[in-house]
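Chemist: Output the structure for:
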Amino acid sequence: MEENNYRYWTIHNGMRIGPVSIEELMAYDINGNTPVWRAGLADWCEASSVPELAELLEVKIPPVPVNPPDYTGAWHQTSYYIPEAPRQVEPMPPTYLVWSILTMLFCCVPSGIVAIIYSSKVSSRFNSGDYGGAKKASDTAAIWILVTVVLGLISLPFQILMALL
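Modeler: Predicted coordinates for the structure are as follows:
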């Protein structure tokens, strides 16, 4: 099998895992029906439909190594490659998109728009594998929501006064 540099995503025990190498992916004991995705695929598909995974899924039992005796006549231990445990992916941080829209409509439009912009960045950054960027965008959206609410509360007396005049 030829070497590839793809990074894969899969669903394992209801949790999205990835990006992982092909060795890490195989450590999850996937089968032909396991959903996988990698760059170059239009959508999630079964592992058996991805050519490089289908090759690996056909051979499940590795060949038994033959341990030749060393120069003393004793048999030596064959070492096996054991891949490191795949990383667990954190759940996606909250987007706060609904709160951003509501605060923009009812409190303060300019800062509400900024909150919406940061809220919309959370999903795209998380889906591209940038968990740190998604967390930062989520936290920034939450701060802008608070700023919007505070500005709305500060401007409320002035809006009431203008309505009375």
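Chemist: Start from the N-terminal end of this structure and give the helices.
Modeler: Using DSSP state H, the helices assigned to the chain run over residues 22-27, 51-58, 97-106, 109-127, 131-164.
Chemist: Point out where this structure drops to low pLDDT.
Modeler: Within the chain, the ranges that satisfy pLDDT under 70 run 1-4, 59-89.
Chemist: ok, now with 90
Modeler: When the per-residue scores of the chain are filtered using pLDDT under 90, the ranges that remain are 1-92, 107-109, 123-132, 156, 158-159, 162-165.
Chemist: Now for residue 117, how many residues are close by?
Modeler: Neighbour count of residue 117, defined by other C-beta atoms under 10 Å: 14. From N, CA and C alone the C-beta is placed, and that goes for glycine too.
Chemist: swap that for residue 119, sorry
Modeler: Taking other C-beta under 10 Å as the criterion, the count of residues near residue 119 is 24.
Chemist: do residue 157 as well
Modeler: That count, for residue 157 with other C-beta under 10 Å as the rule, works out to 9.
Chemist: Could you report the separation of it from residue 24?
Modeler: Separation of residue 157 from residue 24 (C-beta to C-beta, to the nearest Å) stands at 58 Å.
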